[in-house]
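**Student:** just a sequence and a predicted model for now, questions to come.
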Amino acid sequence: MDRLRIELVYEPTCPNVEQARDAIRKALAALGAPVAWREWVRDDPATPPALRELASPTVVVNGQDVGGGGGSIAANACRIYADDCGCIGAPSVELILRTVARQRSYPERAG
(Lines give C-alpha, C1' and ligand atoms only; values in the text may rest on other atoms or scores of the structure.)
Protein backbone atom coordinates (compact mmCIF):
# COMPACT_ATOMS: atom_id res chain seq x y z
CA MET A 1 0.00 0.00 0.00
CA ASP A 2 1.70 3.17 -1.17
CA ARG A 3 -0.50 5.75 0.49
CA LEU A 4 -2.55 5.55 3.65
CA ARG A 5 -5.82 7.48 3.39
CA ILE A 6 -7.80 7.84 6.61
CA GLU A 7 -11.24 9.47 6.69
CA LEU A 8 -13.51 10.23 9.63
CA VAL A 9 -17.25 10.62 9.05
CA TYR A 10 -19.18 12.18 11.92
CA GLU A 11 -22.06 14.23 13.22
CA PRO A 12 -20.93 17.43 15.02
CA THR A 13 -23.01 16.55 18.09
CA CYS A 14 -21.70 12.98 18.35
CA PRO A 15 -20.20 12.34 21.82
CA ASN A 16 -17.69 9.81 20.43
CA VAL A 17 -15.93 11.93 17.81
CA GLU A 18 -12.99 12.93 20.03
CA GLN A 19 -12.45 9.30 21.01
CA ALA A 20 -12.33 8.38 17.30
CA ARG A 21 -9.87 11.20 16.57
CA ASP A 22 -7.66 10.04 19.45
CA ALA A 23 -7.68 6.47 18.11
CA ILE A 24 -6.71 7.72 14.63
CA ARG A 25 -3.84 9.79 16.09
CA LYS A 26 -2.53 6.84 18.09
CA ALA A 27 -2.85 4.39 15.19
CA LEU A 28 -0.99 6.70 12.80
CA ALA A 29 1.72 7.29 15.41
CA ALA A 30 2.10 3.53 15.92
CA LEU A 31 2.52 3.12 12.15
CA GLY A 32 5.03 5.96 11.96
CA ALA A 33 2.75 7.62 9.42
CA PRO A 34 2.01 11.35 9.21
CA VAL A 35 -0.75 12.27 11.67
CA ALA A 36 -3.18 13.57 9.05
CA TRP A 37 -6.63 12.49 7.93
CA ARG A 38 -9.71 13.87 6.17
CA GLU A 39 -12.88 14.64 8.09
CA TRP A 40 -16.39 14.68 6.64
CA VAL A 41 -19.49 16.05 8.36
CA ARG A 42 -22.13 13.47 7.59
CA ASP A 43 -24.89 15.83 6.39
CA ASP A 44 -22.64 18.32 4.56
CA PRO A 45 -23.45 18.49 0.81
CA ALA A 46 -19.70 18.35 0.09
CA THR A 47 -19.47 14.91 1.73
CA PRO A 48 -19.51 12.08 -0.84
CA PRO A 49 -22.94 10.40 -0.96
CA ALA A 50 -21.61 6.97 0.12
CA LEU A 51 -20.08 8.51 3.25
CA ARG A 52 -23.30 10.33 4.14
CA GLU A 53 -24.89 6.92 4.71
CA LEU A 54 -22.48 6.04 7.55
CA ALA A 55 -23.26 6.41 11.25
CA SER A 56 -21.14 8.61 13.51
CA PRO A 57 -18.27 8.19 14.03
CA THR A 58 -17.04 5.98 11.20
CA VAL A 59 -13.35 5.62 10.36
CA VAL A 60 -12.50 4.59 6.81
CA VAL A 61 -9.03 3.37 5.75
CA ASN A 62 -8.40 3.54 1.99
CA GLY A 63 -12.12 3.15 1.35
CA GLN A 64 -12.68 0.32 3.86
CA ASP A 65 -14.86 0.86 6.93
CA VAL A 66 -12.79 -0.29 9.94
CA GLY A 67 -15.98 -1.59 11.53
CA GLY A 68 -16.57 -4.02 8.71
CA GLY A 69 -19.13 -2.07 6.74
CA GLY A 70 -21.99 -2.34 9.20
CA GLY A 71 -22.26 1.41 9.66
CA SER A 72 -24.80 2.27 6.97
CA ILE A 73 -27.98 3.85 8.27
CA ALA A 74 -31.05 5.67 7.01
CA ALA A 75 -31.03 8.41 9.69
CA ASN A 76 -28.63 10.16 12.06
CA ALA A 77 -27.45 7.64 14.63
CA CYS A 78 -24.49 6.76 16.80
CA ARG A 79 -22.17 3.99 15.68
CA ILE A 80 -21.37 1.05 17.95
CA TYR A 81 -18.19 -1.00 17.60
CA ALA A 82 -17.41 -4.34 19.20
CA ASP A 83 -13.97 -4.93 20.67
CA ASP A 84 -12.42 -7.42 23.09
CA CYS A 85 -13.96 -5.54 26.03
CA GLY A 86 -17.50 -5.30 24.64
CA CYS A 87 -19.26 -2.50 22.79
CA ILE A 88 -17.73 0.96 22.42
CA GLY A 89 -18.76 4.18 20.68
CA ALA A 90 -15.64 4.66 18.55
CA PRO A 91 -13.20 2.31 16.84
CA SER A 92 -10.21 1.25 18.90
CA VAL A 93 -6.60 1.83 17.86
CA GLU A 94 -6.31 -1.94 17.38
CA LEU A 95 -9.29 -2.03 15.02
CA ILE A 96 -7.74 0.69 12.86
CA LEU A 97 -4.36 -1.06 12.87
CA ARG A 98 -5.96 -4.42 11.93
CA THR A 99 -7.69 -2.76 8.96
CA VAL A 100 -4.38 -1.28 7.77
CA ALA A 101 -2.67 -4.66 8.20
CA ARG A 102 -5.42 -6.45 6.21
CA GLN A 103 -5.02 -3.98 3.38
CA ARG A 104 -1.26 -4.50 3.34
CA SER A 105 -1.88 -8.25 3.10
CA TYR A 106 -4.56 -7.88 0.39
CA PRO A 107 -3.79 -4.62 -1.45
CA GLU A 108 -6.29 -5.33 -4.23
CA ARG A 109 -9.09 -4.65 -1.71
CA ALA A 110 -7.96 -1.08 -1.05
CA GLY A 111 -10.32 1.54 -2.47
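**Tutor:** Arrived safely, thanks for sending.
**Student:** got the residue ranges for the strands in this structure?
**Tutor:** Remark: strands assigned in the chain by DSSP state E are 6-10, 38-41, 58-61, 64-65, 81-83, 86-88.
**Student:** show me what the fourth one is packed up against.
**Tutor:** Helices and strands in packing contact with strand 64-65 are listed as helix 93-105; criterion 3 or more C-beta pairs under 8 Å, 6 or more residues apart in numbering; DSSP states H and E. All C-beta spots, glycine's among them, are computed from the backbone N, C-alpha and C.
**Student:** buried set for the helix it packs on?
**Tutor:** Across helix 93-105, burial judged by 16 or more other C-beta atoms under 10 Å covers 93, 95-97, 99-100, 103.
**Student:** next one: stretch 15-33
**Tutor:** Using 16+ other C-beta under 10 Å as the test for burial, stretch 15-33 gives 16-17, 19-21, 23-24, 26-28.
**Student:** starting at the chain centroid, how far to it?
**Tutor:** Its chain's average C-alpha position is 10 Å from that of stretch 15-33, according to C-alpha atoms, centre = their mean, to the nearest Å.
**Student:** so which elements touch the longest helix belonging to the chain?
**Tutor:** Of all the elements of type helix in the chain, the one with the most residues (DSSP state H) is helix 17-31. In terms of contacts (3+ C-beta pairs under 8 Å, 6+ apart), helix 17-31 is packed against strand 6-10, strand 58-61, helix 93-105.
**Student:** who wins for proximity to Arg52 among the ones you listed?
**Tutor:** Closest to Arg52 of these, according to C-beta to C-beta: strand 6-10, at 7.9 Å.
**Student:** sheet-wise, list the partners of that closest one with their directions.
**Tutor:** strand 38-41 (parallel), strand 58-61 (antiparallel) (DSSP bridges).
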